[in-house]
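Asker: Structure here, sequence nowhere to be found:
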């Protein structure tokens, strides 16, 4: 039962990640003012159109969409693979967070939301992969 709940949560979070990454991708290609520009510190347009928003010609948001879709597809079937992918994805997201914080000095609401989602996916995937579902209780008489 717990496995089904964790799988559903992982799929739901991964699909939310696809949506958030899609919004960031739209921002990457947009020529209009960013709808999530709050002030000089919070501006998705600056972040998603910076040179750091592309890796070898591929928008980081597209990598996010594909990564989250892969996590959703694998959830429940390959728990340790999902956990490993979540660890790698979290490390990637932390690197992007560092770039926002130290290099760009501008934050993206979509990116911060994605970072929260991948952290939740990480925690749930580690529980699913490595915490036993049944605890054996033995009594001595």
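Answerer: That came through, no problem. Since this is a predicted model, take the numbers as computed values, not measurements. Numbers count the residues shown, from 1 in each chain.
Asker: show me the biggest helix of the protein in terms of residues.
Answerer: helix 2-29 (DSSP state H).
Asker: Pretty sure residue 82 sits against residue 73.
Answerer: No: contact status for residue 82 versus residue 73: not in contact, 9.6 Å apart, counting by CB atoms under 8 Å. Every C-beta, even on glycine, is put in place using the N, C-alpha and C of the backbone.
Asker: More neighbours: which of these two?
Answerer: residue 82 (28 against 13; other CB atoms under 10 Å).
Asker: Following the chain onward from the host helix or strand of the more buried one, which element is next?
Answerer: Using DSSP states H and E, residue 82 maps to helix 79-98. Beyond helix 79-98 on the C-terminal side, the first helix or strand identified by DSSP H and E is helix 109-130.
Asker: Could you tell me the angle between that next one and helix 79-98?
Answerer: Angle of helix 109-130 versus helix 79-98, following axes from the mean of the first three to the mean of the last three CA atoms, to 10 degrees, is 150 degrees.
Asker: rewinding a little: list the helices and strands the helix or strand that the longest helix of the chain is followed by packs on?
Answerer: Downstream of helix 2-29, the next assigned helix or strand under DSSP H and E is helix 44-48. If contacts are counted by 3 or more CB pairs under 8 Å, 6 or more residues apart in numbering; DSSP states H and E, helix 44-48 sits against helix 2-29, helix 109-130.
Asker: for helix 44-48, what is the average pLDDT?
Answerer: In this model, helix 44-48 has a mean pLDDT of 95.
Asker: Just the residues contacting that helix, thanks.
Answerer: For helix 44-48, contacts defined as CB atoms under 8 Å, 6 or more residues apart in numbering pick out 24-25, 27-28, 30, 33-37, 53, 59, 61, 100, 104, 106-111.
Asker: Just the buried residues of the residues you listed.
Answerer: Buried residues within these, counting neighbours by 16 or more other CB atoms under 10 Å: 24-25, 27-28, 34, 36-37, 53, 59, 61, 100, 104, 106-111.
Asker: what's the distance between residue 22 and residue 78?
Answerer: 25 Å (CB to CB, to the nearest Å).
Asker: Find me the pLDDT at residue 117, would you?
Answerer: pLDDT, residue 117: 98.
Asker: Wait, it touches residue 18, no?
Answerer: No: using CB under 8 Å, residue 117 is not in contact with residue 18, being 9.8 Å away.
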